[in-house]
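> Got a predicted model here, sequence first, then my questions.
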Amino acid sequence: IAGITQAPTSQILAAGRRMTLRCTQDMRHNAMYWYRQDLGLGLRLIHYSNTAGTTGKGEVPDGYSVSRANTDDFPLTLASAVPSQTSVYFCASRRSADGGTDTQYFGPGTRLTVL
Amino acid sequence: GDSVTQMEGPVTLSEEAFLTINCTYTATGYPSLFWYVQYPGEGLQLLLKATKADDKGSNKGFEATYRKETTSFHLEKGSVQVSDSAVYFCALSASGTASKLTFGTGTRLQVTL
């Protein structure tokens, strides 16, 4: 079944540790996104990529990094996790980065707890 | 900057009641507007969308009309079911912003028998 997969499903992490959240899509979409979801704040964009080889900063990029070596994969790395990064993380993709009418498709999410 | 404002939740309704969830937006240009739904323990799914003024998006009995004059995109359903219990997010994608979505804070809907 085509779609977006994320791994792990959930993770408990000690503060200061490095963590990479994985995201893979098989729809050959050009654009990919990482959001975090926090109660009362909705979803906020962390980083995005319009096409393989390019990335950009979203609304809340500090403490996170991304790479886009190929079309399918868009990993999100926390270099040194802090408790404020406890959240649910969603990866999303879209066929085209141009314009605003295409639908974004979301993965099932990763629940991350930093202690 | 772009922003989306949704009514606060939670909203609790009896089955077969009429639903309205208000959404207003601020954006430059002519954004596309979306409603996403998140069922418990799942990711977000697109519910409906509208890409220009006066467009009506509809799906699964839900409707929303893009009102440029009031900068609104209110979600409505004539008769809700228990299975509609979820969190609903209004979002916009402004032209020229590389298709990034700006979300509202979400409205939790609880439908009871």
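Alright, I've got the coordinates.
> Now do the phi/psi pair for the residue lying closest to A:Ser67 once chain neighbours are set aside.
Spatial nearest neighbour of A:Ser67, excluding adjacent residues (C-beta to C-beta, 6 or more residues apart in numbering or on different chains): A:Pro75 at 6.3 Å. In short, each C-beta sits where N, CA and C put it, glycine included. When read as degrees, to the nearest 10, the backbone of A:Pro75 gives phi -80, psi 150.
> Distance check, A:Pro75 against B:Glu8.
As judged by C-beta to C-beta, to the nearest Å, A:Pro75 and B:Glu8 stand 35 Å apart.
> more crowded one of the two?
Remark: of A:Pro75 and B:Glu8, A:Pro75 carries more neighbours, 17 against 12, as counted by other C-beta atoms under 10 Å in any protein chain shown.
> Please report how far that one lies from B:Ala27.
31 Å.
> before we move on, what about A:Ala69?
Applying C-beta to C-beta to A:Ala69 and B:Ala27 gives a distance of 33 Å.
> list the contacts for the closest residue to A:Met32 other than its chain neighbours?
Excluding its sequence neighbours, the residue lying closest to A:Met32 (C-beta to C-beta, 6+ apart) is A:Phe74, at 4.1 Å. Each residue near A:Phe74 by C-beta atoms under 8 Å, 6 or more residues apart in numbering or on different chains is listed here: A:Cys23, A:Thr24, A:Gln25, A:Met32, A:Trp34, A:Ser49, A:Val66, A:Ser67, A:Arg68, A:Cys91, A:Ser93.
> mind redoing it with 6 Å?
For A:Phe74, the contact set (C-beta atoms under 6 Å, 6 or more residues apart in numbering or on different chains) comprises A:Cys23, A:Met32, A:Ser49, A:Arg68.
> number of nearby residues for the residue in chain B positioned nearest to chain A?
Closest to chain A within chain B is B:Ser93: 3.6 Å, counting by C-beta to the nearest C-beta. The tally of other residues near B:Ser93 (other C-beta under 10 Å) stands at 25.
> again, but for A:Trp34
Neighbours of A:Trp34 using other C-beta under 10 Å come to 27.
> Look up the pLDDT of it for me, please.
Looking at A:Trp34, its pLDDT is 97.
> Now do A:His47 against B:Pro10, distance only.
31 Å.
> So those two - more neighbours on which side?
A:His47 (22 against 10).
> For my notes, confirm the more buried one occurs in a strand.
Yes - if the criterion is DSSP: H, G, I helix; E, B strand; the rest coil, then A:His47 is within a strand.
> check contacts around the residue nearest to it when sequence neighbours are not counted.
The shortest distance from A:His47 to any non-neighbouring residue, by C-beta to C-beta, 6+ apart, is to A:Val66 (4.3 Å). Residues near A:Val66 by C-beta under 6 Å, 6+ apart: A:His47, A:Thr55, A:Leu76.
> any idea of the mean pLDDT in stretch A:13-30?
Averaging pLDDT residue by residue across stretch A:13-30 gives 96.
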